[in-house]
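A.B. asks: Here is a sequence with its predicted model. Questions after.
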Amino acid sequence: MGNVDLHVHTTASDGAFSPLEVTSEAVAKGLEAIAITDHDTTAGIDAALRAARGTALEVIPGIELSAEQGSEEIHVLGYYLAYDDEVLNEKLLELRQARRRRARKMVELLAGLGMFLDWERVVEIAGDSSAFGRPHIAYALRERGYVTSFNEAFNRYIGRQGPAHVARYKLTPEEAIEMIVAADGLPALAHPWGQERFLPELVEVGLVGLEAYYPSYTIEQREFLAQLAREYDLIPTGGSDFHGHGGSMDGFLGRVSVPMESFQRLSALATKPTGSTGP
């Protein structure tokens, strides 16, 4: 069990619990800091900050951006964002609108396969989520009895090789990093195992951290990535990638032990005067 969790999702994107619920649970667990890193939105940050007032918990304004390099999907986390930045939020709105268009096209393709989903029901399932798309379609498919699980929905129909798959709006990893840096944030490569070859180019455009501590990684993998972070002068970050889809927060939030030094280095870097560089 760690004292900080630098990768947390809420209902503002594809999490199961609200910013208030997540923050309250973090306080109850005695965590010192959490980063709210919803997909393509900063909408949950204000509520989380309000919920943490008067407590010992620090809420880090963050985000997770999805990008592609060739055929490979790459995710970039951002920490200590100026989350009300106008340019950032215009770009995020563009990304969310693209997600919605993509989802609608998938629903149309599924209808062509004989699986008819009510678009308004898909919208209802998604709610206010910024991560509108495939998980909500998978839920609707299961609800209608077309599949028995989320995995089946992805594997047979809406995954990358599926007949109802639609390519998404392509943000490059460099563009994702540049968006975060432009909003005074600190970018880190999320769950990077197998993507180490991209580091030289990403460091060049401003990458600050590498998510070395991740739930599915073995001790050996974590140690390898932490060493890689040292070699590239990056901060080894980490977190639970909490979504709460099991319907419970027990044992999940804060489940990854992230070194306090990582949090302290991020915090120190975020508070340096403009023009300062290096952790």
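C.D. replies: That came through, no problem.
A.B. asks: tell me the domain ranges of this structure?
C.D. replies: What the record gives for the chain is the domain set 4-83+170-270, 91-158, from automatic domain parsing.
A.B. asks: how far away is I60 from E108?
C.D. replies: Note on I60: its distance to E108, by Cβ to Cβ, to the nearest Å, is 39 Å. The way it works is simple: take the backbone N, C-alpha and C, and place the C-beta from them, glycine included.
A.B. asks: okay, the two: which has more neighbours?
C.D. replies: When I60 is set against E108 and neighbours are counted by other Cβ atoms under 10 Å, the residue ahead is I60, at 26 against 13.
A.B. asks: Mind listing what's buried along the host helix or strand of that one?
C.D. replies: I60 is located in strand 58-69, with elements delineated by DSSP states H and E. By 16 or more other Cβ atoms under 10 Å, the buried positions in strand 58-69 come out as 58-69.
A.B. asks: How about stretch 94-102?
C.D. replies: 95-96, 98-99, 102.
A.B. asks: ok, residues contacting it?
C.D. replies: For stretch 94-102, contacts defined as Cβ atoms under 8 Å, 6 or more residues apart in numbering pick out 40-41, 65, 130-133, 166-169, 171.
A.B. asks: swap the cut-off to 6 Å and go again
C.D. replies: Applying Cβ atoms under 6 Å, 6 or more residues apart in numbering, the external contacts of stretch 94-102 come out as 40, 130, 132-133, 166, 168-169.
A.B. asks: same question, stretch 216-236
C.D. replies: Residues lying outside stretch 216-236 but in contact with it, judged by Cβ under 6 Å, 6+ apart, are 193, 199, 203, 209-210, 212-213, 262, 265-266, 279.
A.B. asks: Quick check: mean pLDDT of the helix or strand where I137 lies?
C.D. replies: Secondary structure assigned from DSSP H and E places I137 in helix 134-143. Per-residue pLDDT values over helix 134-143 give a mean of 92.
A.B. asks: For it, list every residue counted as buried.
C.D. replies: Within helix 134-143, the residues that count as buried by 16+ other Cβ under 10 Å are 134-141.
A.B. asks: do the same with stretch 20-40
C.D. replies: The neighbour-count criterion (16+ other Cβ under 10 Å) identifies 20-27, 29, 31, 33-40 as the buried residues of stretch 20-40.
A.B. asks: next one: the helix holding I137 to chain centre, how far?
C.D. replies: 20 Å (Cα atoms, centre = their mean, to the nearest Å).
A.B. asks: Using CSV, write out every CA atom in that helix.
C.D. replies: The C-alpha coordinates for helix 134-143 follow below in CSV (Å, rounded to 0.1, in the frame of the first residue of the first chain):
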residue,chain,number,x,y,z
ARG,A,134,-16.0,1.8,-26.7
PRO,A,135,-16.6,0.9,-23.0
HIS,A,136,-20.1,2.4,-23.2
ILE,A,137,-20.8,0.6,-26.5
ALA,A,138,-19.6,-2.6,-24.9
TYR,A,139,-21.9,-2.1,-21.9
ALA,A,140,-24.8,-1.5,-24.3
LEU,A,141,-24.0,-4.7,-26.2
ARG,A,142,-23.9,-6.7,-23.0
GLU,A,143,-27.1,-5.1,-21.8
